[in-house]
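Asker: quick one, structure for this:
(2 chains)
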Amino acid sequence: MTEEIILFKGNRDGVYLIINNESQLSVIQDKITKKIDSAKSFFQEIKKVKLKETSLSKEDLFSLKVWLEEKYGIEIDNTSEDFIKHNNSNKSQVIDQGITKYIYSTLRSGTSVKFDGNIVIIGDVNPGAEVLATGNIIVMGALRGIAHAGLSGNDRATVVAFSLEPTQLRIANIIARSPDKQDFKPTYPEKACINENTIIILPYYQNL
Amino acid sequence: MGEVLVITSGKGGVGKTTTAANIGTALSLLGKKVVIVDADIGLRNLDVVMGLENRIVYDIVDVTQGICRLKQALIKDKRYDGLYLLPAAQTKDKTAIQPKQMLALSKRLKEEFDYILIDCPAGIEQGFKNAIAGADKAIVVTAPEISAVRDADRIIGLLEANEIYNPKLIVNKVRIDMVKKGDMMDIDDMIDILAIELLGVIPDDQSIVISTNRGEPAVTDENSLAGRAFKNIAERILGNEVPFLDLDVDESFFRKFARKLGFK
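Answerer: Model (predicted):
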């Protein structure tokens, strides 16, 4: 039997998408389209697949993810252990997605937002304001107040901000505060996550 | 129909009362009919700053309780045409007035005056709630200190929650020499955090202390830089475009000379 480029395979954990060949993204997309069209009723039920094997680049993987979600409403579930095994570079940002609350304003001193899920703030979080989420926190602006991600103990939660200068950062049960004296102020977005029981801050580049 | 402007800050001591007295006087000098309302019941001092303390018979609480007519409580400032003061009560406290009564009072004052300036007490409790109840617009006064900016931020949030949008910012007590050395907060940094429109910058000026103690607003002093800054703010309230003052003028001759020679 010749090896197929793509393969959907179901087992008790769910459905796996296996990409066997180092083909171009367009070829893979073409094959997936054919496959799904040939078994529409089966794929209608499927909302999530796990990616098992891939030699795709990060960018292609991202495009594939978006494409699959938009066209068929199928989400590539990155929490899959196998996926992480094969893509060590993408390790930390893959956590359960969950529901998200959007806030379209700046949070000023004295305001508090708490949500069971992720929070995206389109605006700043000023000193004296706090954001509490059981999932991730993303601030499309400056985070100067207090942010607590992974409120219920999710230590894979992250905090991302265009300008990350919080009074205090908490992820799961770990608390970090900003240095008393900061000599240098990054001009790029940053991400905070937990690494070996401490909160670390990394420059945030486009990841999957 | 007049306009009610509340002058507020959250933090105390940043210069709300001085700002109210000076902007009020400047607006009256520009030909407007103005009343300044002291909402700081129990800790009144707008009357002192304006030099009208000894003429108070009735106050704002007497008006709201119906003890006197509004006209009786209004004090006309004889020095400036069209400038009036509605003093606060000193023997009562903030609970002597309800926001509803302030709203009704503001409506009545609007019929007679072009501008109603409300001098808000510090804090965010009942006094603040009273002061903003009838306000159409707000002016937030702050100083270049982190604590004052923090409080201003909170106040802007509370104003928005009470449907008073787009407050304007006045930064008081600025010392340009200190800002330049990096010892004082930069105005741009403050605006970056507060994200509201700047109405004016007032330098920290000796003339303010002198005029406050004399009971004569600094705007009447031609030589006062702070007075000129307040005058410009009044112009901007009227909708006129006035460039921001160059506050870097009190540099001594010697220092200017030294700088020219290349010394820092």
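Asker: nearest to chain B: which residue in chain A?
Answerer: Chain B sits closest to A:R108 of chain A, with a gap of 3.4 Å, by CB to the nearest CB. For the C-beta atoms, the positions are set from N, CA and C on the backbone; glycine is no exception.
Asker: I figured that residue hits A:N126, correct?
Answerer: Yes. Under the criterion of CB atoms under 8 Å, A:R108 makes contact with A:N126 at 5.1 Å.
Asker: can you pull the residues that touch both of these two?
Answerer: With contacts defined as CB atoms under 8 Å, 6 or more residues apart in numbering or on different chains, the residues adjacent to both A:R108 and A:N126 are B:D153.
Asker: could you dump whatever helix or strand A:E69 lives in to PDB, C-alpha only?
Answerer: A:E69 belongs to helix A:58-72 when assigned by DSSP states H and E. Extracted in PDB, the C-alpha atoms of helix A:58-72 (Å, rounded to 0.1, in the frame of the first residue of the first chain):
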ATOM      1  CA  LYS A  58       5.900  26.800  12.000                       C
ATOM      2  CA  GLU A  59       4.500  29.300   9.500                       C
ATOM      3  CA  ASP A  60       2.900  26.500   7.400                       C
ATOM      4  CA  LEU A  61       1.500  24.900  10.500                       C
ATOM      5  CA  PHE A  62      -0.100  28.200  11.500                       C
ATOM      6  CA  SER A  63      -1.600  28.700   8.100                       C
ATOM      7  CA  LEU A  64      -2.900  25.200   8.100                       C
ATOM      8  CA  LYS A  65      -4.400  25.700  11.500                       C
ATOM      9  CA  VAL A  66      -6.200  28.800  10.400                       C
ATOM     10  CA  TRP A  67      -7.300  27.400   7.100                       C
ATOM     11  CA  LEU A  68      -8.700  24.200   8.700                       C
ATOM     12  CA  GLU A  69     -10.600  26.200  11.300                       C
ATOM     13  CA  GLU A  70     -12.100  28.700   8.900                       C
ATOM     14  CA  LYS A  71     -13.000  26.200   6.200                       C
ATOM     15  CA  TYR A  72     -14.300  23.300   8.100                       C
END
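Asker: by contact count, what packs against it?
Answerer: Packed against helix A:58-72 by the contact rule (3 or more CB pairs under 8 Å, 6 or more residues apart in numbering or on different chains; DSSP states H and E) you find helix A:25-38, strand A:75-76.
Asker: which of these has the lowest mean pLDDT?
Answerer: If you rank these by mean pLDDT, strand A:75-76 sits at the bottom with a mean of 78.
Asker: before we move on, the earlier item: deepest-packed of the helices and strands packed on helix A:58-72, please.
Answerer: strand A:75-76 (a mean of 16; mean count of other CB atoms under 10 Å in any protein chain shown).
Asker: returning to that earlier point: can you list the helices and strands packed on helix A:58-72 in a markdown table and add distance to B:Q126?
Answerer: Rendered in a markdown table, the data for these read as follows (distance: least, CB to CB, whole Å):
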| stretch | distance to B:Q126 |
| --- | --- |
| helix A:25-38 | 64 |
| strand A:75-76 | 52 |
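Asker: quick one, which of the ones you listed gets closest to A:N118.
Answerer: Closest to A:N118 of these is strand A:75-76 (CB to CB; 14.9 Å).
Asker: so what's B:V174 bridging to?
Answerer: Note on B:V174: beta-bridge partners B:P203, judged by DSSP bridges.
Asker: find the closest residue to chain A in chain B.
Answerer: B:G157 (3.4 Å).
Asker: how about that residue, nearest residue that isn't a chain neighbour?
Answerer: Excluding its sequence neighbours, the residue lying closest to B:G157 (CB to CB, 6 or more residues apart in numbering or on different chains) is A:R108, at 3.4 Å.
Asker: and that neighbour, what pLDDT?
Answerer: Confidence score, pLDDT, at A:R108: 95.
Asker: if we can go back for a sec, may I see the buried residues of the helix or strand in which the residue of chain B closest to chain A is found?
Answerer: Take DSSP H and E as the rule and B:G157 turns out to sit in helix B:146-161. Residues B:148-160 are the ones in helix B:146-161 that count as buried (16 or more other CB atoms under 10 Å in any protein chain shown).
Asker: next secondary structure after the worst-scoring helix or strand of chain A on mean pLDDT?
Answerer: One helix or strand of chain A scores below all others by mean pLDDT, DSSP states H and E: helix A:81-86, with a mean of 45. Next helix or strand after helix A:81-86 toward the C-terminus (DSSP H and E): strand A:100-103.
Asker: what is that following strand packed up against?
Answerer: Right, strand A:100-103 is packed against strand A:112-115, strand A:118-121 by 3+ CB pairs under 8 Å, 6+ apart.
Asker: what residues does chain A put near chain B?
Answerer: Within chain A, the residues that sit near chain B (CB under 8 Å from any CB of the partner chain) are A:106, A:108-111, A:124, A:126-128, A:142, A:144.
Asker: a markdown table for the residues you listed, including distance to B:G182, secondary structure and neighbour count?
Answerer: A markdown table is the format used below for these (distance: CB to CB, whole Å; DSSP: H, G, I helix; E, B strand; the rest coil; neighbours: other CB atoms under 10 Å in any protein chain shown):
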| residue | distance to B:G182 | secondary structure | neighbour count |
| --- | --- | --- | --- |
| A:T106 | 26 | coil | 23 |
| A:R108 | 26 | coil | 28 |
| A:S109 | 24 | coil | 24 |
| A:G110 | 29 | coil | 20 |
| A:T111 | 31 | coil | 22 |
| A:D124 | 23 | coil | 25 |
| A:N126 | 22 | coil | 27 |
| A:P127 | 20 | coil | 19 |
| A:G128 | 24 | coil | 20 |
| A:A142 | 21 | strand | 19 |
| A:R144 | 20 | coil | 25 |
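Asker: and the residues you listed, which two are furthest apart?
Answerer: Once CB to CB is applied, these give A:G110 and A:A142 as the farthest pair, at 17.2 Å.
Asker: hang on, the earlier thing: pull out the buried positions in the helix holding A:E69.
Answerer: In helix A:58-72, counting by 16+ other CB under 10 Å, buried: A:60-61, A:64-65, A:67-68, A:72.
Asker: ok, which stretches of the stretch 1-150 of chain B are strands?
Answerer: B:3-8, B:34-38, B:75-76, B:83-86, B:115-119, B:137-142 (DSSP state E, counting those that start in this stretch).
Asker: I'd like to know which elements the fifth one is packed against.
Answerer: Read it as strand B:115-119. Contact here means 3+ CB pairs under 8 Å, 6+ apart; on that basis strand B:115-119 packs against strand B:3-8, helix B:16-29, strand B:34-38, helix B:99-112, helix B:126-133.
Asker: give me the low-pLDDT residue ranges for chain A?
Answerer: Scanning chain A for pLDDT under 70 picks out A:1-3, A:21-22, A:53-55, A:78-96, A:206-208.
Asker: and the closest residue in space to B:Q101 that isn't next to it in sequence, what pLDDT?
Answerer: Among residues not flanking B:Q101 along the chain, B:T64 sits closest, at 4.3 Å (CB to CB, 6+ apart). On the pLDDT scale, B:T64 is placed at 95.
Asker: many thanks, have a good one.
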